[in-house]
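[1] What follows is a predicted structure for the sequence shown.
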Amino acid sequence: MATERPGLWERFWVRLLGALDARSGRWLACGASEIMAARPDELRRLSRIPKSYSVRAAQEDDEPQLAKLMGGEATSAPLVSSGDIGLLAVADGEVQAMEWIRPGPAEYDRDAKRLGLVFRVPRGSCWLHNGSGGESGARGPWAMILGRLPGFLEEQGIERAYLQVACGNEYSRRCHESLGFRKIGRIVNVRLGRLRLVRWRGEGETWLRWRESRLDLERLPV
C-alpha cells in the first residue's frame, strides 16, 4: 500500500463513482461504498415488537417467500444455501423483511466485482448483507429486525458487526447511523479492461492505493 494526499479530484471521483455505482460489464466495473461497523452494545434495541410480527431465523422452507420478497428464485436460492444466518420479520404468514449474517472466520466475496475486494471476517465478527424491507425499504419490519440484532449477535458470541452501504445511498446510511452504526472507511473501485484501481480511506486517514485483493476487517478499528 502507498499513501497519497487527498485532493479535490479524489472527492470528485468519489461523487462520480457514487453516481455510477453498480455500473458493470465485461470491460467496466465501478463502485463506491462506505464501510460501517458497530459493537452489539452500541446498537439500538427493541424490547418488544407488535404482536402481529415475529422475528426469527430463516429456514429452508422460507425460500419461496424470500423469492417473492427479492423478486425471483435466482437471487433468493443462493442466500438460503449459503450457510449464512438469515433473520426474518414475518407477519400474516409472509416474510416482510430480512437481514443476513455471515459469522467469522469467513470471507465475503459477493461485492468483489463492484468494489474490487474480498472482505475477510475475523472470528468474533460478522458481515451483514442483503438487508431488505421490500416495499417498506428501511422502515418498519426491517427496523424490527435490526432492533433484535444486538441480542442475537451477543448470543452468537459476535462482538463486531460490519456492513457496506453504497456511497450514493444516503438514506440507507442515515438509517444505519440512527441504529448505532458508524462509518469507519470508504472504498472506491474502477476496473477498465485489465486496469484495476482500488482506493481505501479509513476515517481520519489519508487515501491508500490498495494493492491487495482482500481487506482484513480485523485491521479496522471499531
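    Looks like it came in fine. Numbers count the residues shown, from 1 in each chain.

[2] mind checking how far the residue sitting furthest away from the middle of the chain is from Ala57?
    Outermost residue of the chain with respect to the C-alpha centroid, by C-alpha atoms, centre = their mean, is Lys51; its distance is 28.6 Å. Distance of Lys51 to Ala57, computed by C-beta to C-beta, to the nearest Å: 20 Å. For glycine as for every other residue, the C-beta is placed from the backbone atoms N, C-alpha and C.

[3] same deal with Arg174?
    Computed as C-beta to C-beta, the Arg174 to Ala57 distance reads 28 Å.

[4] Also Cys175?
    Applying C-beta to C-beta to Cys175 and Ala57 gives a distance of 23 Å.

[5] which of those two has more neighbours?
    Cys175 (20 against 11; other C-beta atoms under 10 Å).

[6] Okay, and that one sits in which element?
    helix 170-179 (DSSP states H and E).

[7] So in the protein, which helix runs the longest?
    helix 141-155 (DSSP state H).

[8] angle of that helix against helix 170-179?
    Put simply, helix 141-155 runs at 50 degrees to helix 170-179, going by axes from the mean of the first three to the mean of the last three C-alpha atoms, to 10 degrees.

[9] Could you list every helix and strand that helix 141-155 packs against?
    In this structure, helix 141-155 makes packing contacts with strand 53-57, strand 85-91, strand 94-103, strand 125-132, helix 170-179, judged by 3 or more C-beta pairs under 8 Å, 6 or more residues apart in numbering; DSSP states H and E.

[10] ok so, going back, tell me the helix or strand right after the helix holding Cys175.
    Taking DSSP H and E, what comes next after helix 170-179 is strand 182-192.

[11] after that next one comes which helix or strand?
    Scanning onward from strand 182-192 (DSSP H and E), the first element met is strand 195-202.

[12] and the next element down the chain from that following strand?
    Next element after strand 195-202 (DSSP H and E): strand 207-209.

[13] Which helix or strand contains Thr75?
    Assessed by DSSP H and E, Thr75 sits inside helix 73-81.

[14] in that helix, what's buried?
    Buried residues in helix 73-81, counting neighbours by 16 or more other C-beta atoms under 10 Å, are found at 76, 79-80.

[15] One more: stretch 144-151?
    Those buried within stretch 144-151 under the rule 16+ other C-beta under 10 Å are 144-150.

[16] for the longest helix of the chain, what is the average pLDDT?
    Regarding helix 141-155, the rounded mean pLDDT is 91.

[17] Now the buried residues of stretch 144-151 in TSV, please, with extra columns for distance to Arg114.
    Formatted as TSV, the buried residues of stretch 144-151 follow (distance: C-beta to C-beta, whole Å):
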residue	distance to Arg114
Met144	28
Ile145	24
Leu146	23
Gly147	29
Arg148	29
Leu149	24
Pro150	28
